[in-house]
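# Structure here, sequence nowhere to be found:
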């Protein structure tokens, strides 16, 4: 997976552990990837710290609260004219986001094959899934607010539930929304041939893909820690 | 700038992993639906979570095919976050116990199941 690679100046960098030394001691650049990709990864790392802080503080607040924490499968259940189904909305939201990751991965692949139109439509499908997700999250927010959940109190359990819930899902929803806009902008550029004219490759689609997969990744953690735990 | 020719993989890999993510998500949902409790619940939740996260990072985000230097630079620091989590477990426990000591047992809000 990490084999020898040739730089654009003709040097050969070994793979494996010796490659780590060679990469970090190189005189021009440490990471043998396009700079846009390296910067997106570094941005995602910083975002990992942000969400890591939020999830860690959620853990701390929940562990130190004396009051019982609201039971997620009850709080987030929906009933369709009968028995309440636990977590059904969350299951659908997870399904939607995973589907969007799949369409995004295919879009990146289509981009590298030069299939401009297919890449565009797959990116639009990804954006549509993302918009669906945000819509469902907004519905969940309105439902909880109607039931009396506030950042400072709620009728179901520990008062801190609302603050942590709205903060974490709010930040995540914001990231998804930004991603939807990002996808539309880059997708339109792909369709118009902008990247053929200016760069000659579709790395931008892959970089957009990195951001989008990160959004799905954060949801994996939120889903596990907030809704299942 | 090094060429990106190594980024094209057969589409089947993505379909395979995509399907796997659905399956693992279904299992995660089942953990709650079947009402597992205690250590079994937490272990399963964490295992499925890390499996999904690992697959997304390694395959969808191409990390499996990147050079080791990038892998370490990006995946190393989040491991350090685990130290923060570990510290905060002790902090939270301390806060909880201090609240009991100083404010008495308190009356937890009733929770219906």
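Nice, thanks for sending it over. Since the structure is predicted, the reported quantities are computational estimates derived from the model, not experimental observations.

# longest helix anywhere in chain B?
helix B:68-103 (DSSP state H).

# Give the other helices and strands that that helix contacts.
Applying 3 or more Cβ pairs under 8 Å, 6 or more residues apart in numbering or on different chains; DSSP states H and E, one finds that helix B:68-103 contacts helix A:16-24, helix A:35-64. Just so you know, the C-beta spots here come from the backbone N, C-alpha and C atoms, and that holds for glycine as well.

# quick one: it to helix A:35-64, angle?
Computed by axes from the mean of the first three to the mean of the last three Cα atoms, to 10 degrees, the angle separating helix B:68-103 from helix A:35-64 equals 20 degrees.

# rewinding a little: need the helices and strands packed on helix B:68-103 in a markdown table with mean pLDDT, can you?
Listed next are those as a markdown table, based on pLDDT from 0 to 100:
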| stretch | mean pLDDT |
| --- | --- |
| helix A:16-24 | 91 |
| helix A:35-64 | 96 |
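
# Dump those helices to a markdown table, plus mean neighbour count.
Shown next, in a markdown table, are the helices and strands packed on helix B:68-103 (neighbours: other Cβ atoms under 10 Å in any protein chain shown):
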| stretch | mean neighbour count |
| --- | --- |
| helix A:16-24 | 16 |
| helix A:35-64 | 17 |
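
# Switch the ones you listed over to JSON lines; also include distance to chain B.
Putting the helices and strands packed on helix B:68-103 into JSON lines (distance: least, Cβ to the nearest Cβ, whole Å) gives the following:
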{"stretch": "helix A:16-24", "distance to chain B": "4"}
{"stretch": "helix A:35-64", "distance to chain B": "4"}
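
# export the ones you listed to TSV and tack on distance to residue B:43?
TSV is the format used below for these (distance: least, Cβ to Cβ, whole Å):
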stretch	distance to residue B:43
helix A:16-24	32
helix A:35-64	17
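
# residues near residue A:86, how many?
For residue A:86, the count of nearby residues is 21 (other Cβ atoms under 10 Å in any protein chain shown).

# Next up, the contacts around it.
Taking Cβ atoms under 8 Å, 6 or more residues apart in numbering or on different chains as the criterion, residue A:86 is in contact with A:73, A:74, A:76, A:77, B:32, B:33.

# any idea how far the second one lies from residue A:202?
For residue A:74, the distance to residue A:202 equals 46 Å [Cβ to Cβ, to the nearest Å].

# Tell me which of these two has more neighbours.
Under the criterion of other Cβ under 10 Å, the comparison of residue A:74 against residue A:202 puts residue A:202 first, with 26 against 15.

# Not counting sequence-adjacent ones, nearest residue to that one?
Once flanking residues are discounted, residue A:202 sits nearest to residue A:111: 3.2 Å by Cβ to Cβ, 6 or more residues apart in numbering or on different chains.
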